[in-house]
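Asker: Coordinates only, no sequence provided:
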């Protein structure tokens, strides 16, 4: 009775196994290496200098610890910027989500020239933010703006878009909504088209109308996508910079900080006052604010939008 000799694998077989095991990590490694250089390193760098009285010219600083954060939190302008940021964020994000869901539901219907309408809602996103800000800042001009001219034409008083804080927030939020509503609409539309049509056919047979189908099938099925859109809108809304920066010719947030945001305040401290240690501390405070508000938004979205399994 002969015994089978054990099969020996050569170097080529081992190389093939290594290739199968390690090649996926090699394929994705360029992204992580790039993120390490342009992402993690700046984050760690700003975290260090946020505790220092940093001299950007000499590249040196004196360690002062949390005094940097205490100074930033003790500035009245920080709280004004925080108030303005939240005001513009709410005035832009809430209507933006409502309009995006509404437009996505319309585009999900059997319309003629579907591609034309779907590409049309994306056109504002393609326009450069600076161009959008310049157009709308003149549209909401205090004296010769198109909006005030129309209001005066029907006998109403002009609105001080640049001197009144709340009016300036509405104008800036309008810019944000104009540019980002179409982008979020297409994301939600893609999620709507992934919903099986059998659900709607069964609901129609059961006698459910379009509104009932929307609230019972569409919204619950959009839950993961809505969470994603809400989180990305929160991050973008709290970091808003381009629109407030270009809202007037000075770019400092108004004479009385009427539309000064956290990001714009950070820019003014860093590149206006050349105090990069204080700007780094403000950047980390903004990061914590975005993290907290993003988590709250995610919890609220999960609670409001039920899944199919939650329905009775």
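Answerer: Structure's in. What do you need? Since we're looking at a predicted model, the values are computed, not measured. Numbers count the residues shown, from 1 in each chain.
Asker: What is the burial count for residue 140?
Answerer: Residue 140 has 22 neighbours, counted by other Cβ atoms under 10 Å. Where you see a C-beta, it was placed from the backbone N, CA and C, and this is true even at glycine.
Asker: And residue 281, by the same measure?
Answerer: Counted with other Cβ under 10 Å, residues neighbouring residue 281 total 27.
Asker: Okay, it and residue 258: tell me how far apart.
Answerer: Counting by Cβ to Cβ, to the nearest Å, the gap from residue 281 to residue 258 is 24 Å.
Asker: With residue 22 instead?
Answerer: 56 Å.
Asker: Which one's more surrounded, these two?
Answerer: More neighbours surround residue 258 than the other of residue 22 and residue 258, with 22 against 11 (other Cβ under 10 Å).
Asker: In contact with the nearest residue to the more buried one once chain neighbours are set aside, which residues are there?
Answerer: Among residues not flanking residue 258 along the chain, residue 165 sits closest, at 4.3 Å (Cβ to Cβ, 6 or more residues apart in numbering). Residue 165 is in contact with 84, 87, 254, 256, 258, 259, counting by Cβ atoms under 8 Å, 6 or more residues apart in numbering.
Asker: Kindly report the same for residue 168.
Answerer: For residue 168, the contacting residues are 161, 162, 247, 254, 258, 259, by Cβ under 8 Å, 6+ apart.
Asker: pLDDT, secondary structure and distance to residue 212 for those residues - can I get that in TSV?
Answerer: Putting the contacts of residue 168 into TSV (pLDDT from 0 to 100; DSSP: H, G, I helix; E, B strand; the rest coil; distance: Cβ to Cβ, whole Å) gives the following:
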residue	pLDDT	secondary structure	distance to residue 212
161	91	coil	42
162	89	coil	46
247	88	coil	43
254	86	coil	47
258	91	coil	45
259	91	coil	42
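Asker: ChimeraX command to pick out the buried ones of those?
Answerer: Listed next is the ChimeraX selection for buried residues among the contacts of residue 168, using 16 or more other Cβ atoms under 10 Å:
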select :161,162,247,254,258,259
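Asker: farthest-separated two in the contacts of residue 168?
Answerer: Farthest apart among the contacts of residue 168 by Cβ to Cβ are 161 and 254. That separation is 10.8 Å.
Asker: For this structure, give me the ranges with low pLDDT.
Answerer: By pLDDT under 70, the low-scoring segments of the chain are 1-16, 19, 57-58, 304-312.
Asker: How about the spatially most central residue of it: what's its closest non-neighbour residue?
Answerer: Nearest to the geometric centre of the chain sits residue 236, at 2.5 Å (Cα atoms, centre = their mean). Excluding its sequence neighbours, the residue lying closest to residue 236 (Cβ to Cβ, 6+ apart) is residue 180, at 7.2 Å.
Asker: If you count neighbours, what's buried in whichever strand or helix holds the one you found?
Answerer: Assigned by DSSP states H and E, residue 180 falls within helix 165-193. By neighbour count on 16+ other Cβ under 10 Å, the buried set for helix 165-193 is 165, 167-189, 191-192.
Asker: Which SSE is immediately downstream of that helix?
Answerer: Criterion used, DSSP H and E; the element after helix 165-193 is helix 197-205.
Asker: which other helices and strands contact that next one?
Answerer: Using 3 or more Cβ pairs under 8 Å, 6 or more residues apart in numbering; DSSP states H and E as the contact test, the elements touching helix 197-205 are helix 210-213.
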